[in-house]
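J.: Turn this into a structure:
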Amino acid sequence: MTLLEAMLPKHGFQTLSARGGREAVSIATRSHPDLILPDQDGFETCTQLKAHPLTSEIPVIFLSATTDTNTKC
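T.: Numbering: from 1, shown residues only. Reported below is the predicted structural model:
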């Protein structure tokens, strides 16, 4: 997400980064972001976020080159 982390602040967005899924869930429950863009362990992170009452309504967008449309959280 390095490119997005560089571009989004230039357009007025604040970004927060996590080193993994567990840290991402912890940050999300404290800061309640408007949007989450997970990294490669994103499916597990998404499952955890959607199961938590404080983060279940936060939109999650996956950026991927996969063409498998059946894989989603």
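J.: all helices of the chain, in order?
T.: Assigned by DSSP state H, the helices in the chain fall at 2-7, 21-31, 42-51.
J.: quick check: angle from the longest one to helix 42-51?
T.: Read it as helix 21-31. 30 degrees (axes from the mean of the first three to the mean of the last three Cα atoms, to 10 degrees).
J.: got the buried residues for helix 21-31?
T.: By neighbour count on 16 or more other Cβ atoms under 10 Å, the buried set for helix 21-31 is Gly21, Ala24, Val25, Ile27, Ala28. All C-beta atoms are positioned from the backbone trio N, CA, C, and that covers glycine.
J.: same deal with stretch 60-73?
T.: In stretch 60-73, counting by 16+ other Cβ under 10 Å, buried: Val60.
J.: Report the rounded mean pLDDT for it.
T.: Confidence for stretch 60-73, expressed as mean pLDDT, is 72.
J.: coming back round to it: TSV please, covering the helices of the chain and showing mean pLDDT.
T.: TSV is the format used below for the helices of the chain (pLDDT from 0 to 100):
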stretch	mean pLDDT
helix 2-7	82
helix 21-31	90
helix 42-51	89
